[in-house]
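# coordinates only, sequence not included:
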């Protein structure tokens, strides 16, 4: 059986952990050659080595994806080893949870750099080779937080709102060059990132108890469920899906 990403070179930022790791593994199983970009202290090299040991083609490049020079070098490293990148999954991101009046300009700059500037840098670095290859697919990790605000997450909500519009704008500008761009938008996820979010929100009195999560989205989302949604958007199965926001939240934003 031919995988849904057969013949594609996929680059995944934040691909060494959480939903990014789930995507790295799933994309490889679905036939993609996988490039992982993550922080130097991440498990990126170990993940790439494990994928290679399992018979897949994979490479790792260490980078802070908010740094222009490091992004350019990482993209060059991956494409020189694996070939022209035709799938980009902008997954890298983080969160700041704090009462708005206690947030700092450093918090704002850090979150904008990691969650928003990284998308800009990664996409700008990859698009020329996608265009030369005849097309491709970009998937950006947004969130329910782009449309459903949560107390103590003003900065995070704002970055995800930017992600929503970035995906749409790229889609509109590059549609005629056979490039699609969409956003995958998870709810609360069962990852270290998601568990930290729940713990810190709880410490500020926000109700994210098991009962509250059950009422909002039934249960916590699994990393593989986000990866499968990203796989769909990245694949040719979504050939006429462009500029879309795919919510992986089991009805959270529908209520």
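Yep, it's here. All of these numbers come straight from a predicted model, not from anything done at the bench.

# could you pull up the residues touching residue 179?
127, 130-131, 135-138, 170 (Cβ atoms under 8 Å, 6 or more residues apart in numbering). (Glycine included, C-beta is placed from N, CA and C.)

# among those residues, who's most crowded?
residue 138 (28 neighbours; other Cβ atoms under 10 Å).

# and the residue nearest to it when sequence neighbours are not counted, helix, strand or coil?
The shortest distance from residue 138 to any non-neighbouring residue, by Cβ to Cβ, 6 or more residues apart in numbering, is to residue 181 (4.1 Å). Using DSSP: H, G, I helix; E, B strand; the rest coil, the secondary structure recorded for residue 181 is strand.

# give me the number of residues near residue 181?
28.

# tell me the spacing between it and residue 99.
Distance, residue 181 to residue 99, using Cβ to Cβ, to the nearest Å: 34 Å.

# now the strands for the stretch 1-150 of the chain?
Secondary structure of the stretch 1-150 of the chain (DSSP state E, counting those that start in this stretch): strands located at 9-13, 33-38, 58-62, 87-90, 136-141.

# and the first one, what does it pack against?
In other words, strand 9-13. helix 18-29, strand 33-38, helix 68-82, strand 87-90, helix 118-133 (3 or more Cβ pairs under 8 Å, 6 or more residues apart in numbering; DSSP states H and E).

# tell me which of these sits nearest to residue 193.
Closest approach to residue 193 among the helices and strands packed on strand 9-13 is made by helix 18-29 (5.6 Å; Cβ to Cβ).

# which other helices and strands contact that closest one?
Using 3+ Cβ pairs under 8 Å, 6+ apart: helix 18-29 touches strand 9-13, strand 33-38, helix 44-53, strand 87-90, helix 192-203, helix 223-234.

# residues touching residue 39, list them.
16, 62-64.

# can you give me phi and psi for it?
phi -60, psi 150 (degrees, to the nearest 10).

# same question, residue 104
According to degrees, to the nearest 10, residue 104 has phi -120, psi 170.

# so how far is residue 205 from it?
21 Å.

# who has more neighbours out of these two?
Taking neighbours as other Cβ under 10 Å, residue 104 and residue 205 compare with residue 104 leading, 11 against 8.

# separation between that one and residue 96?
9 Å.

# return the helix or strand in this structure with minimum mean pLDDT.
Of all helical and strand segments in the chain, the minimum by mean pLDDT, DSSP states H and E falls on helix 192-203, at a mean of 92.

# now find how far off-centre that one is within its chain.
19 Å (Cα atoms, centre = their mean, to the nearest Å).

# buried stuff in the helix or strand following that helix?
Next helix or strand after helix 192-203 toward the C-terminus (DSSP states H and E): helix 210-217. Buried residues in helix 210-217, defined by neighbour count with 16 or more other Cβ atoms under 10 Å: 213, 216-217.

# that older thread, which stretch among the strands of the stretch 1-150 of the chain comes nearest residue 71?
Of the strands of the stretch 1-150 of the chain, the one closest to residue 71 (Cβ to Cβ) turns out to be strand 33-38, at 7.8 Å.
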